[in-house]
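Enquirer: Here is the input, now give the coordinates:
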Amino acid sequence: MFARKINPKNINMDALGATVSLVCAIHCIVLPLIAAALPLVSVNIFFEYAMIGLAFLVGLGALLHGYRKHHRRPAPGLLFTIGMMLLIAKQIWQGQELILLLMALPLILCAHGLNYRLCRRAQIR
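Expert: As a prediction, this is how the structure comes out:
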């Protein structure tokens, strides 16, 4: 009945970052299965880079906010950086795509989880 207004300050950026990373991973796993049916390969390449860019921007925003406002710990940023480097490497070394993805995704998810826990711990004090 009444539309609830969403306050951008109430959005959990770590949850959003983890969701974007998962959507990217699902895309990377499912798309090769249907790639033979795609006549336009260039669309796929653009989408891959767009997903990586979106994951990077959302993740960076969440981690910077947590670092600056709550915990000042570099560990989440380090995990995230390594994970993103592996995602980019996945685009370069196509033959190793699955193994690089399987290494990148847990690092990115752990970075968001650790950032979330550190932010919560800092708010309790």
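Enquirer: Spit out the contact partners of H71.
Expert: 115, 118-119, 121-122 (C-beta atoms under 8 Å, 6 or more residues apart in numbering). Every residue, glycine included, has its C-beta placed from N, CA and C.
Enquirer: got it, and G17?
Expert: Going by C-beta under 8 Å, 6+ apart, G17 touches 55, 58-59, 61-63, 108, 112.
Enquirer: Buried only: go through these for me.
Expert: Buried by 16 or more other C-beta atoms under 10 Å: 55, 58-59, 62-63, 108, 112, out of the contacts of G17.
Enquirer: Mind naming the longest helix for the protein?
Expert: helix 97-124 (DSSP state H).
Enquirer: Out of the contacts of H71, which end up buried?
Expert: Here, 16+ other C-beta under 10 Å leaves 115, 118-119 buried among those.
Enquirer: Can you tell me which of the contacts of G17 is closest to Q94?
Expert: A55 (18.7 Å; C-beta to C-beta).
Enquirer: Pull out the buried positions in the helix or strand of the chain with the lowest mean pLDDT.
Expert: Sorted by mean pLDDT, DSSP states H and E, the helices and strands of the chain end with helix 13-34, the least confident at a mean of 77. Along helix 13-34, these residues count as buried under the neighbour rule (16+ other C-beta under 10 Å): 13-14, 17-18, 20-21, 24-25, 28.
Enquirer: would a markdown table of the residues you listed with distance to R68 be doable?
Expert: Output for the buried residues of helix 13-34, formatted as a markdown table (distance: C-beta to C-beta, whole Å):
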| residue | distance to R68 |
| --- | --- |
| M13 | 12 |
| D14 | 14 |
| G17 | 16 |
| A18 | 20 |
| V20 | 21 |
| S21 | 21 |
| C24 | 25 |
| A25 | 28 |
| C28 | 31 |
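Enquirer: helix or strand right after the helix or strand harbouring L63?
Expert: In the assignment (DSSP states H and E), L63 maps to helix 41-66. Using DSSP H and E, the helix or strand that follows helix 41-66 in sequence is helix 75-92.
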